[in-house]
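>>> Turn this into a model:
(one chain, ligands or ions: 1)
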Amino acid sequence: MPELPEVETARRLIADEALHRRIADVDDSDTFVCRPHSPGELRAALTGRMLTAARRRGKAMWCETSDNGPDLGIHLGMGGRIVVTSPDGQVAWGGEPFRRDAQPPKAEWDRFTLSFADGGSLVLFDKRRLGRVRLNPGIDALGPDAAEVTPAEFRDLITRGSVAVKARLLDQSRIAGVGNLLADEILWQARVSPAARTNSLRRQDTDRLYRALESALRSAIARGGVHTGDVIAARRPGGTCPRCGAEMRHGTVGGRSTWWCSREQEGTRPPRSV
Ligand SMILES: [Zn+2]
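From the prediction side, this is the model:
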């Protein structure tokens with residue numbers, strides 16, 4: 001599932017390859033992906049304009065359009081990708097990386113298409129059809145972007161109240177962009193128990209979490225996705241901690257499947273199903 005790093009690769013692709021190209025036509029016929037817009041509404045709003053900037057907060061992405069046009073929101077859902085074709089037919093992908101066992105792409109998985117006057121296109125490719133395209137998407141409910149949050153903001157947002165720290169990391173209204181894999185990676189890097197209560201975190205814990213957030217994001221963006229995190233391959237039965245060799249433990253924390261090192265991430269209050 002796309003987390004901040006995957007959405008950032010999609011945003012960069014749009015910023016690098018799809019801006020300032022005249023939109024000649026729009027296929028907005030998928031009424032589920034384009035809800036609540038009716039067919040033709042996005043087409044009428046976007047045809048003749050150009051994308052002028054690609055923005056992101058957390059997992060939400062949107063493009064500004066020319067001539068004071070509406071913002072075009074594109075959410076990648078659970079496995080969506082952006083495909084940009086250049087005027088000479090070169091195809092570039094951004095978003096969720098391909099798995100080795102993936103089926104070959106099918107044309108019907110193109111859920112939304114901007115056709116450019118230069119002959120190229122921008123497509124939301126989404127096999128699972130859980131992505132979404134909409135005009136002027138609301139982002140006010142999202143907290144600050146995880147890649148831009150300051151240490152002081154982070155400390156304040158992460159320690160308020162008393163919930164499992166993993167649940168807090170996943171709360172998009174506090175800090176936007178961290179999903180399940182990234183949260184496990186950050187907690188493992190910082191050696192913090194996923195079930196530790198937010199109000200029990202000491203200053204050194206929040207400082208380590210902040211540094212882990214920064215380094216996990218930087219590394220995942222550079223390596224092509226959250227699946228490249230150092231502990232991700234060990235999130236399986238029989239997995240061992242890549243740092244200390246201890247057995248990895250599994251449970252449900254914050255409503256999500258969670259893995260942690262049995263030696264380094266057991267606090268005074270051991271993780272349990274919550
Ligand atoms: Zn360990």
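
>>> residue ranges with poor pLDDT in the stretch 1-150 of the chain?
100-101 (pLDDT under 70).

>>> Could you pick out the residues of the protein near the ion for me?
241, 243-244, 246, 261, 263-264 (C-beta under 5 Å from the ion). Glycine gets a C-beta too; all of them are placed from N, C-alpha and C.

>>> Kindly reformat the residues you listed as JSON lines containing secondary structure and neighbour count.
As requested, the residues of the chain next to the ion are exported to JSON lines (DSSP: H, G, I helix; E, B strand; the rest coil; neighbours: other C-beta atoms under 10 Å):
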{"residue": "Cys241", "secondary structure": "coil", "neighbour count": "21"}
{"residue": "Arg243", "secondary structure": "coil", "neighbour count": "15"}
{"residue": "Cys244", "secondary structure": "coil", "neighbour count": "11"}
{"residue": "Ala246", "secondary structure": "coil", "neighbour count": "14"}
{"residue": "Cys261", "secondary structure": "strand", "neighbour count": "24"}
{"residue": "Arg263", "secondary structure": "coil", "neighbour count": "15"}
{"residue": "Glu264", "secondary structure": "coil", "neighbour count": "15"}
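
>>> May I see those organised as a markdown table, with pLDDT added?
Output for the residues of the chain next to the ion, formatted as a markdown table (pLDDT from 0 to 100):
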| residue | pLDDT |
| --- | --- |
| Cys241 | 98 |
| Arg243 | 97 |
| Cys244 | 97 |
| Ala246 | 97 |
| Cys261 | 98 |
| Arg263 | 96 |
| Glu264 | 96 |
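
>>> Give the rounded mean pLDDT of stretch 216-229.
Stretch 216-229 shows a mean pLDDT of 94 in the predicted model.

>>> Go ahead and name everything in contact with it.
Residues from elsewhere that reach stretch 216-229, judged by C-beta atoms under 8 Å, 6 or more residues apart in numbering: 3-6, 8-9, 96-97, 146-147, 177, 179, 181-182, 184-186, 189, 232.

>>> Determine whether the claim that Leu187 is in a strand is correct.
No: applying DSSP: H, G, I helix; E, B strand; the rest coil, one finds Leu187 to be helix, outside a strand.

>>> ok, it touching Trp260?
Yes: between Leu187 and Trp260 there is a contact at 6.6 Å, judged by C-beta atoms under 8 Å.

>>> who touches both of these two?
193-194.

>>> re the thing from before, could you turn the buried ones of the contacts of stretch 216-229 into a ChimeraX selection?
A single ChimeraX command selects the buried members of the contacts of stretch 216-229 (16 or more other C-beta atoms under 10 Å):
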select :3,4,5,6,8,9,96,97,146,147,177,179,181,182,184,185,186,189,232
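
>>> In helices only, show me the contacts of stretch 216-229.
4-6, 8-9, 181-182, 184-186, 189 (DSSP state H).

>>> Show the subsequent helix or strand relative to the biggest helix by length in the chain.
Across the chain, the helix with the greatest residue count (assigned by DSSP H) is helix 203-223. Downstream of helix 203-223, the first helix or strand assigned by DSSP states H and E is strand 248-253.
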